[in-house]
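S.K.: just to be clear, the model below is a prediction. Sequence and coordinates:
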Amino acid sequence: MAKIKKKSSKQTYFDTQRKTKRKAEAKKKNKRKRIKKVIVTTVCTVLAVGIVGGGVTWISIWAAKTHPLMHRISVMKTKNASVNAAEMSFYAWQIYQQYMEQNSEAASVPDPEKPLSDQSYSSDMTWEEYFIDCARDYANNLLVLCDAAYREDFTPEDNITGVAKSMMTDLDLKTLPKGVTEEDAQHALELYILAWEYSEHLTDTMTYSEEELTAYYESDPLSMQICDYMYFSFAYGDDETSIMDMTQAEEYARELRRCTTREKFEKWVYDYYKENTTLTEDELQQQIGTLASESASYSAGDPIREWAFSGESKAGETTILTDEDNCQITVCLMLSEPRRNDTYAINVRQILLTADTYGSAEDAYAAAQDIMKSYENTNQTEDDFAALADQYTEDTSASGGLYTDVTESDLLSDWKDWYFDPKRQYGDVTVLYSIYGSAVVYYINTNEKPVWESTAELALQESIYDEQYSAIEKTANVETLDLGLKLIQVD
């Protein structure tokens with residue numbers, strides 16, 4: 001019989017880690033949905049008017065873009081706040097820079113060597129027009145929030161000017177559009193910071209009763225439940241390189257389905273691996289440790305989780321799921337039925353090193369130990385660890401190696417005991433090993449509220465915030481001078 005093909009260690013390793021990052025990003029996106037409603041100002045001012053024979057003569061757009069009027073004309077405004085063409089150009093430029101950074105490998109991106117105005121985003125829009133539209137939406141939200149902040153005499157906790165100047169150090173100001181000065185950039189950032197601070201003020205002052213939280217849970221329990229199950233898949237095919245054919249896979253699946261306890265399920269898979277692979281004993285134990293999905297959350301469209309959270313599956317029951325498109329048969333065992341997620345998520349920093357990169361799990365572990373020694377030679381602060389994470393971690397999507405709202409289902413089984421030890425304290429550091437790779441881990445803290453409650457609060461927060469934003473948007477009554485939009489430069 002052909003040997004079982006092991007999943008790429010880097011793929012398996014990062015599968016468990018990236019789930020945390022995706023959850024954090026989704027939460028961040030939802031929480032900052034309000035900043036999707038960005039800030040701008042409107043203008044009722046005219047560029048320049050000359051009366052010639054009873055007619056109106058406008059200064060050319062080209063001239064205006066190089067003229068001081070670019071700083072004098074409010075493109076968007078409310079009664080209490082406004083942005084001029086230069087500041088709008090900064091927003092458009094910033095959005096363009098971020099787009100290029102985040103989509104560098106995408107199929108459809110503008111050529112940075114050519115003017116955006118000469119490149120088509122769609123059949124009826126240039127890339128320049130696209131980024132100006134984005135800036136307009138962005139600025140509209142900022143102005144709505146800033147207008148409310150000014151009306152309420154809101155005082156931010158942070159020194160806005162100081163924060164803006166600090167943010168400026170991260171920008172390549174040499175590439176600012178023509179006519180946009182550092183002063184324009186700073187003022188544009190100050191508006192953003194004020195809007196963000198006020199937005200946070202709105203959410204921080206929201207309160208929710210126990211009855212409201214419970215009612216929300218009961219209205220959508222799937223999003224706040226977890227359960228435990230095990231599964232094992234058999235890949236099949238008809239060609240010579242295939243592990244087995246479909247008939248053989250079905251036979252194995254029927255055998256495994258008879259294993260209705262965790263111990264029997266694990267022993268069957270252990271014996272199966274022992275007979276058909278060349279895995280070492282340590283590797284076997286690691287593989288067995290990946291069979292169970294504990295504290296798993298619901299995921300729409302996932303066949304296993306649809307079965308587990310159907311409400312019809314009982315502890316000790318098994319099922320067989322066949323995926324003919326991918327030539328795979330999966331056996332699932334229910335360990336515990338869905339329950340409210342009363343666990344507490346944690347926040348950590350990690351430096352991840354894969355066996356693929358270092359040649360073996362042992363070499364990855366040795367490299368992790370070396371990084372640990374480097375950390376011990378610092379002041380051993382969280383910032384010191386974050387700096388090392390930026391230097392060494394293979395998961396570059398996590399800045400400073402930061403992972404927030406980590407739950408048990410996000411982690412490799414062998415690592416859970418350390419992460420969720422109730423004695424764990426801020427600043428605890430260790431090196432964790434697996435056959436896929438190792439991690440140097442810095443523990444930050446445990447969230448104060450259980451996962452279900454945090455999820456319910458966030459959902460209620462979004463609902464209340466949307467209502468509040470709609471109300472202040474009407475009061476702000478943002479005005480836009482369409483002609484002023486023509487003064488905006490992106491590149």
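M.R.: Cool, got the structure.
S.K.: wasn't Asn80 part of a helix?
M.R.: No: read with DSSP: H, G, I helix; E, B strand; the rest coil, Asn80 is coil and lies in no helix.
S.K.: next up, the contacts around it.
M.R.: Counting by CB atoms under 8 Å, 6 or more residues apart in numbering, Asn80 touches Cys146, Asp147, Tyr150, Arg151. Every residue, glycine included, has its C-beta placed from N, CA and C.
S.K.: can you get me a residue count around the nearest residue to Thr260 once chain neighbours are set aside?
M.R.: Nearest residue to Thr260 in three dimensions, chain neighbours excluded: Gly316, at 5.0 Å (CB to CB, 6 or more residues apart in numbering). Number of residues near Gly316 (other CB atoms under 10 Å) recorded here: 12.
S.K.: please tell me the pLDDT value assigned to Gly316.
M.R.: Gly316 is assigned 96 on the pLDDT scale.
S.K.: rewinding a little: just the buried ones from the contacts of Asn80?
M.R.: Cys146, Asp147, Tyr150 (16 or more other CB atoms under 10 Å).
S.K.: is it true that the second one touches Lys79?
M.R.: Yes: shown here, Asp147 and Lys79 form a contact pair, counting by CB atoms under 8 Å, at 6.8 Å.
S.K.: pull up the overlap in contacts between the two.
M.R.: Listed as contacting both Asp147 and Lys79 by CB under 8 Å, 6+ apart are Ala476.
S.K.: so Met244 sits in a strand?
M.R.: No: the assignment for Met244, made by three-state DSSP, is coil rather than a strand.
S.K.: would you mind measuring from the residue lying closest to it once chain neighbours are set aside to Leu333?
M.R.: Computed as CB to CB, 6+ apart, the closest residue to Met244 that is not its neighbour in sequence is Tyr236, at 5.2 Å. To Leu333, Tyr236 is 20 Å away according to CB to CB, to the nearest Å.
S.K.: ok, those two, which is more surrounded?
M.R.: Leu333 (26 against 20).
S.K.: from memory the more buried one sits against Cys259, does it?
M.R.: Yes: Leu333 is within contact range of Cys259, at 6.9 Å (criterion: CB under 8 Å).
S.K.: and for those two, which residues touch both?
M.R.: Counting by CB under 8 Å, 6+ apart, the residues touching both Leu333 and Cys259 are Phe265, Thr318.
S.K.: which parts of the stretch 351-491 of the chain are helices?
M.R.: Here the stretch 351-491 of the chain has its helices, by DSSP state H, counting those that start in this stretch, at 355-358, 361-376, 382-392, 416-419, 451-476, 482-485.
S.K.: what does the stretch 151-300 of the chain give?
M.R.: Under DSSP H, counting those that start in this stretch, the stretch 151-300 of the chain gives helices at 160-168, 182-204, 210-219, 246-257, 262-276, 281-289.
S.K.: got the buried residues for the longest one?
M.R.: By that I understand helix 182-204. In helix 182-204, counting by 16+ other CB under 10 Å, buried: 184-199, 201-203.
S.K.: next one: the last one
M.R.: Taking 16+ other CB under 10 Å as the neighbour-count basis, helix 281-289 is seen to contain the buried residues Leu284, Gln286, Gln287, Ile288, Gly289.
S.K.: next: stretch 348-361.
M.R.: Applying 16+ other CB under 10 Å to stretch 348-361 flags Val348, Arg349, Gln350, Ile351, Leu352, Leu353, Thr354, Ala355, Asp356, Tyr358, Ala361 as buried.
S.K.: same check, this time on stretch 241-260
M.R.: Buried residues in stretch 241-260, defined by neighbour count with 16+ other CB under 10 Å: Ser242, Ile243, Met244, Met246, Ala249, Glu250, Tyr252, Ala253, Leu256, Arg257, Cys259.
S.K.: redo those as CSV? Include pLDDT and distance to Lys267.
M.R.: Shown next, in CSV, are the buried residues of stretch 241-260 (pLDDT from 0 to 100; distance: CB to CB, whole Å):
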residue, pLDDT, distance to Lys267
Ser242, 79, 26
Ile243, 83, 21
Met244, 90, 21
Met246, 93, 25
Ala249, 94, 20
Glu250, 95, 21
Tyr252, 96, 14
Ala253, 96, 16
Leu256, 97, 11
Arg257, 97, 14
Cys259, 97, 8
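S.K.: closest to Lys416 out of those?
M.R.: Cys259 (23.3 Å; CB to CB).
S.K.: the closest one against Cys332, yeah?
M.R.: No: counting by CB under 8 Å, Cys259 does not reach Cys332; the two are 11.2 Å apart.
S.K.: what residues are up against Glu255?
M.R.: If a contact means CB under 8 Å, 6+ apart, then Glu255 has Trp268 as its contacts.
S.K.: try the one 4 residues further on
M.R.: With contacts taken as CB under 8 Å, 6+ apart, Cys259 has the following neighbours: Phe265, Lys267, Trp268, Thr318, Leu333.
S.K.: let's see that with 7 Å instead.
M.R.: Cys259 makes contact with Phe265, Trp268, Leu333, according to CB atoms under 7 Å, 6 or more residues apart in numbering.
S.K.: same thing with Leu202?
M.R.: Per CB under 7 Å, 6+ apart, neighbours of Leu202: Tyr465, Gln468.
S.K.: once you drop chain neighbours, what's closest to Tyr91?
M.R.: That would be Ala135: by CB to CB, 6+ apart, it lies 4.2 Å from Tyr91.
S.K.: the helices of the stretch 151-300 of the chain into CSV, with extra columns for distance to Ser117?
M.R.: Listed next are the helices of the stretch 151-300 of the chain as CSV, based on distance: least, CB to CB, whole Å:
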stretch, distance to Ser117
helix 160-168, 27
helix 182-204, 21
helix 210-219, 48
helix 246-257, 57
helix 262-276, 61
helix 281-289, 56
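S.K.: so which of the ones you listed comes closest to Gly484?
M.R.: The nearest among those, by CB to CB, is helix 182-204 at 14.5 Å.
S.K.: and the closest one, C-alpha only, in PDB?
M.R.: Only the C-alpha atoms of helix 182-204 are listed here, as PDB (Å, rounded to 0.1, in the frame of the first residue of the first chain):
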ATOM      1  CA  GLU A 182       3.600  68.600   5.600                       C
ATOM      2  CA  GLU A 183       1.300  71.000   7.300                       C
ATOM      3  CA  ASP A 184      -1.600  69.600   5.200                       C
ATOM      4  CA  ALA A 185      -0.700  66.100   6.100                       C
ATOM      5  CA  GLN A 186      -0.500  66.900   9.800                       C
ATOM      6  CA  HIS A 187      -3.900  68.600   9.900                       C
ATOM      7  CA  ALA A 188      -5.400  65.700   7.900                       C
ATOM      8  CA  LEU A 189      -4.100  63.300  10.400                       C
ATOM      9  CA  GLU A 190      -5.300  65.400  13.300                       C
ATOM     10  CA  LEU A 191      -8.800  65.200  11.900                       C
ATOM     11  CA  TYR A 192      -8.500  61.400  11.600                       C
ATOM     12  CA  ILE A 193      -7.200  61.100  15.200                       C
ATOM     13  CA  LEU A 194     -10.000  63.300  16.600                       C
ATOM     14  CA  ALA A 195     -12.600  61.300  14.700                       C
ATOM     15  CA  TRP A 196     -11.200  58.000  15.900                       C
ATOM     16  CA  GLU A 197     -11.000  59.200  19.500                       C
ATOM     17  CA  TYR A 198     -14.600  60.400  19.400                       C
ATOM     18  CA  SER A 199     -15.700  57.100  17.800                       C
ATOM     19  CA  GLU A 200     -14.000  55.200  20.700                       C
ATOM     20  CA  HIS A 201     -15.700  57.600  23.100                       C
ATOM     21  CA  LEU A 202     -19.100  56.600  21.700                       C
ATOM     22  CA  THR A 203     -18.400  52.900  22.100                       C
ATOM     23  CA  ASP A 204     -16.700  53.100  25.500                       C
END
